[in-house]
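Peer 1: what follows is a predicted protein model with its sequence.
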Amino acid sequence: MRYEVDFLVVGSGIAGLSFALKVAEHGRVCILTKGDAAEGSTRYAQGGIAAVMYDSDSFDKHIQDTLVAGDGICDREVVEMTIREAPDRIRELVQYGVEFDRVPNGKSPAGAPAKFDLHREGGHSEFRILHHKDNTGEEIERGLLEAARRHPNIEIKERQFAIDIITQHHLGQRVTKHTPDIECYGVYALDCDTNRIDTYLAKVTLLATGGMGNVYSTTTTPVISTGDGVAMVHRARGVLSDLEFMQFHPTSLYNPAEKPAFLITEAMRGAGAVLKDRDGKEFMQKYDKRLSLAPRDIVARAIDNEMKLSGKDYLYLDARGIGKKHLIEGFPTIYAKCLSIGIDITRDMIPVRPAAHYQCGGIKVDRNGESSIHHLYAAGECSCTGLHGGNRLASNSLLEAVVYAHNAAMSAIAKVESGNWKVKNEVPDWNAEGMVLNEEMVLITQTKKELQEIMWNYVGIVRSDLRLQRAFDRLNLIFRETEDLYNRSVLTEPLSELRNLIACAYLIIKMARARRQNVGLHYSLDLV
Ligand SMILES: Cc1cc2nc3c(=O)[nH]c(=O)nc-3n(C[C@H](O)[C@H](O)[C@H](O)COP(=O)(O)OP(=O)(O)OC[C@H]3O[C@@H](n4cnc5c(N)ncnc54)[C@H](O)[C@@H]3O)c2cc1C
């Protein structure tokens, strides 16, 4: 089947939905999403979204905190723009119907709603995290999805897996990374219910495909986070950046059978929980004077080191000092989750270990969210804006997603309304002739596990030249086997995801090897 729209959006998390709601006032929008529309990292975000809302805080302080976390390699102009735009974007989320917690009995001018209740998280010098209890992302996803579903110009198509963006390459032209004017005409997408591959043509395409946490064996990200957008742009010869900066969250709940790993939000350390070793002794004083509230990379490396020294699989987060009432009312999701596996966090310490959590790098975009490929935008976790530099400050990613969805929408609207870009009707349909259905799923599932173990063991929190070389050699074999399978098989979602994960792993290793300095999240024993 062939479809034509003004704006094509791949992904229905905070970035895709925010963009769609804005451009829908100016044309027809189609959102493709590979699972259920609500599934994605957005709905798992617990802590909240950072913004300077009141005079007790200042833009300068938030800018400074972001620059410090980014370890000197953020794009300062991007940081300033994003943080100054934040309050406007928060007000829009509220207008779309998203609810953030407010101060109980808070004083505000007559008739106005009470002030927002703000949390503080690691690396933030002020209380500036807007939240909805400890399930902020679920509330944001609910609010945006309901607004998108109400909009007459937006069609949301679930279980549609975008395979590749369409460029001149599909018109038979040779495209290399040196081709100056690569253009995007839309995407090919697999209908996961019929196994048919459809052609979606659009004047503008936005990739909002989220992260790539599943490159690693332990991750807090949902199973859909397989780096599809990044891999698609890589295949289309677009520019990618900063993929060596994978953020490992220091505290995921240790429950080995569970995927994704359940996150214990940083807000809990902000509220007073402290990290302890297996003997119940605090250890962060050995690593940083900010103790358990040090930035994520420092805490993750400290835990990794303590685990290696002790040979144990997990350490503890002790939240008992926060008090029973605050724990149950302020962290109801974590309280219920831990209780479901026999841990009463008001009485017991929580077993935790680090997990791959957030990809700071991605599809390189300018301040309008436009990639190096014309008419292709990217926003949210799949993009690289320069905001995070070497390391993301907690709760800045939801913020980045809404700010860049807005900027991309403004630029895309102008482009479509200028009228000098037509949908490319000569694009051919996907050719699947001569392919056979591969029935050996084990080839795919086993290879995925191998890949995730290689990445966890050799390209994790602490790296070295030898580990990266070893990962690269093993990945090469996996790459060749998988390409062979791809070239003779009917395309399926698992096979496509595996190819994408391999491409992302390759890019992480390549960029990690090229980074000859320990900065931000990239830490190599050979560069100390
Ligand atoms: C457990 C957890 C807690 C977090 N807590 C916070 C927090 O407190 N504050 C904060 O700022 N950030 C937090 N983050 C990070 C933040 O949630 C994400 O970075 C953000 O939600 C990403 O939004 P997104 O719209 O880019 O992608 P997602 O919400 O991940 O959405 C991606 C979308 O793309 C679709 N998709 C992907 N590939 C394809 C394809 N090939 N074809 C079609 N559709 C596709 C998916 O189906 C999905 O709809 C957290 C992340 C996790 C995992």
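Peer 2: Arrived safely, thanks for sending.
Peer 1: give me the element the one residue in the stretch 51-200 of the chain that gets nearest to the ligand is part of.
Peer 2: Evaluated by Cβ to the nearest ligand atom, the stretch 51-200 of the chain has residue 162 as its residue closest to the ligand, separated by 3.6 Å. Bear in mind the C-beta positions are built from the backbone N, C-alpha and C, glycine included. Of the helices and strands defined by DSSP states H and E, residue 162 is found in strand 160-166.
Peer 1: other SSEs contacting that strand?
Peer 2: The contact analysis (3 or more Cβ pairs under 8 Å, 6 or more residues apart in numbering; DSSP states H and E) places strand 160-166 against strand 29-33, strand 186-191, strand 196-207, helix 228-235, helix 493-514.
Peer 1: 10 Å instead?
Peer 2: Using 3 or more Cβ pairs under 10 Å, 6 or more residues apart in numbering; DSSP states H and E as the contact criterion, the elements in contact with strand 160-166 are strand 2-10, strand 29-33, strand 186-191, strand 196-207, helix 228-235, helix 493-514.
Peer 1: how many neighbouring residues does the closest residue to the ligand within the stretch 301-450 of the chain have?
Peer 2: Closest contact between the stretch 301-450 of the chain and the ligand, by Cβ to the nearest ligand atom, is at residue 380 (2.2 Å). Residue 380: 34 surrounding residues under other Cβ atoms under 10 Å.
Peer 1: gap between the spatially closest residue to it that is not a sequence neighbour and the ligand?
Peer 2: Take residue 380 and drop its neighbours on the chain: the residue closest to it by Cβ to Cβ, 6 or more residues apart in numbering is residue 15, 2.8 Å away. Counting by Cβ to the nearest ligand atom, to the nearest Å, the gap from residue 15 to the ligand is 4 Å.
Peer 1: quick one: contacts for residue 15?
Peer 2: With contacts taken as Cβ atoms under 10 Å, 6 or more residues apart in numbering, residue 15 has the following neighbours: 9, 40, 42, 144, 206-210, 369, 377-383, 397-398, 400-402, 404-405, 408.
Peer 1: per-residue pLDDT, it?
Peer 2: At residue 15 the predicted local confidence, pLDDT, stands at 98.
Peer 1: now do residue 109
Peer 2: Listed pLDDT for residue 109 reads 63.
Peer 1: who's residue 317 bridged to?
Peer 2: When bridges are taken as DSSP bridges, the partners of residue 317 come out as residue 275, residue 350.
Peer 1: any idea how many residues pack against it?
Peer 2: Here the count is done by other Cβ under 10 Å, and residue 317 has 22 residues near it.
Peer 1: return the residues in contact with residue 92.
Peer 2: Contact criterion Cβ under 10 Å, 6+ apart gives 18, 21-22, 98, 402, 406 as the residues in contact with residue 92.
Peer 1: just the buried positions in stretch 62-72, please.
Peer 2: 62-63, 65-71 (16 or more other Cβ atoms under 10 Å).
Peer 1: swap in stretch 362-375?
Peer 2: When neighbours are counted by 16+ other Cβ under 10 Å, the buried residues of stretch 362-375 are found to be 362-365, 367, 369-373, 375.
Peer 1: isn't residue 156 up against residue 35?
Peer 2: No - with contacts counted by Cβ atoms under 10 Å, residue 156 stays clear of residue 35, the gap being 11.9 Å.
Peer 1: okay, and the common contacts of those two?
Peer 2: Each of residue 12 lies in contact with both residue 156 and residue 35 under the rule Cβ under 10 Å, 6+ apart.
Peer 1: more crowded one of the two?
Peer 2: When neighbours are counted by other Cβ under 10 Å, residue 156 and residue 35 differ, and residue 156 comes out ahead with 20 against 17.
Peer 1: element containing residue 338, please.
Peer 2: Per DSSP H and E: residue 338 is located in helix 332-340.
Peer 1: could I get the buried residue list for that helix?
Peer 2: Counting neighbours by 16+ other Cβ under 10 Å, one finds that the buried residues in helix 332-340 are 334-335, 337-338.
Peer 1: mind giving me the packing neighbours of that helix?
Peer 2: Using 3+ Cβ pairs under 10 Å, 6+ apart as the contact test, the elements touching helix 332-340 are strand 246-253, helix 324-330, strand 350-359.
Peer 1: list the buried residues of the longest one.
Peer 2: Of the residues in strand 350-359, those buried under the neighbour-count criterion (16+ other Cβ under 10 Å) are 350-359.
Peer 1: contacts with the ligand among those residues, please.
Peer 2: If you filter those for contact with the ligand, counting by Cβ under 6 Å from any ligand atom, you are left with residue 358.
Peer 1: using JSON lines, lay out the buried residues of strand 350-359 together with pLDDT.
Peer 2: Written out in JSON lines, the entries for the buried residues of strand 350-359 read as follows (pLDDT from 0 to 100):
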{"residue": "350", "pLDDT": "98"}
{"residue": "351", "pLDDT": "97"}
{"residue": "352", "pLDDT": "97"}
{"residue": "353", "pLDDT": "94"}
{"residue": "354", "pLDDT": "95"}
{"residue": "355", "pLDDT": "96"}
{"residue": "356", "pLDDT": "97"}
{"residue": "357", "pLDDT": "96"}
{"residue": "358", "pLDDT": "97"}
{"residue": "359", "pLDDT": "98"}
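Peer 1: can you list the domains in the protein?
Peer 2: Each structural domain of the chain that the record assigns through automatic domain parsing is listed here as a residue range: 16-244+360-418, 254-355, 441-527.
Peer 1: highest mean neighbour count out of those domains?
Peer 2: Highest mean neighbour count of the domains of the chain: domain 16-244+360-418, a mean of 21 (counted as mean count of other Cβ atoms under 10 Å).
Peer 1: could you identify the most distant pair in the buried residues of helix 332-340?
Peer 2: Across the buried residues of helix 332-340, the longest distance by Cβ to Cβ is 7.4 Å; it joins 335 and 337.
Peer 1: how far does the helix or strand that contains residue 140 sit from its chain's centre?
Peer 2: With elements taken from DSSP H and E, the one containing residue 140 is helix 136-150. Average the C-alpha atoms of helix 136-150, do the same for its chain, and the two points are 17 Å apart (Cα atoms, centre = their mean, to the nearest Å).
Peer 1: let's see the next helix or strand after that helix as CSV, backbone CA atoms only.
Peer 2: Moving toward the C-terminus from helix 136-150, the first helix or strand encountered (DSSP H and E) is strand 154-158. The C-alpha atoms that make up strand 154-158 are tabulated as CSV, following Å, rounded to 0.1, in the frame of the first residue of the first chain:
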residue,chain,number,x,y,z
ILE,A,154,-3.7,13.1,13.4
GLU,A,155,-3.9,9.4,12.5
ILE,A,156,-2.0,7.0,14.8
LYS,A,157,-1.1,3.7,13.2
GLU,A,158,0.1,1.1,15.7
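Peer 1: tell me the contacts of the residue nearest to residue 56 when sequence neighbours are not counted?
Peer 2: In space, residue 56 comes closest to residue 126 once its chain neighbours are excluded; the distance is 7.2 Å by Cβ to Cβ, 6+ apart. Remark: with contacts taken as Cβ under 10 Å, 6+ apart, residue 126 is in contact with 50, 52, 54, 56-58, 61-62, 65, 118, 120.
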